[in-house]
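Asks: generate a structure from the sequence data that follows.
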Amino acid sequence: MAFYAIARYEVRPDARDTAERAMHEHASFVRRELPDVSWTAYRDPAAPTHYIAMVRFENRTAQEHHRQAFLAAFAPYIIGEIEITGCELVTSSDLQRRHRR
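Replies: Below is the predicted model:
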């Protein structure tokens with residue numbers, strides 16, 4: 001079963017462009033090196049230094065590999081702590097409907 005997490009973080013205003021380049025590089029790294037992970041980042045248009053990332057892990061090993069890579073890539077740009085919330089999938093419009101038995 002897959003694992004999900006939402007990461008909330010803020011980057012330094014003076015490092016926003018550099019941090020966004022690092023985000024693009026991180027997305028490429030995940031695509032290339034971590035096939036058991038899906039990572040997507042979003043910026044808050046009302047607070048352009050605030051971001052959330054949605055992450056899907058196929059297993060706990062993939063989760064740990066991603067955590068280490070994520071922290072290494074973004075630590076220099078982050079203000080404060082990265083807030084990470086684990087989630088459990090309930091349903092999605094991407095899922096085929098299953099009938100209850």
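Asks: and the residue nearest in space to the middle of the chain, what does it touch?
Replies: Nearest residue to the geometric centre of the chain (CA atoms, centre = their mean): residue 53, 3.3 Å. With contact taken as CB atoms under 8 Å, 6 or more residues apart in numbering, residue 53 is in contact with 6, 7, 9, 39, 40, 41, 42, 70. For every residue, glycine as well, the C-beta is placed using N, CA and C.
Asks: list the buried residues of the longest helix seen in the chain.
Replies: As assigned by DSSP state H, the longest helix anywhere in the chain is helix 16-33. Buried residues in helix 16-33, counting neighbours by 16 or more other CB atoms under 10 Å, are found at 19, 20, 22, 23, 26, 29, 30.
Asks: what are the contacting residues of the helix or strand following it?
Replies: Counting by DSSP states H and E, the next helix or strand C-terminal to helix 16-33 is strand 37-44. Contacts to strand 37-44, defined as CB under 8 Å, 6+ apart, come from residues 20, 23, 26-27, 30, 50-58, 62-63, 65-66, 70.
Asks: any idea of the mean pLDDT in stretch 9-24?
Replies: In this model, stretch 9-24 has an average pLDDT of 96.
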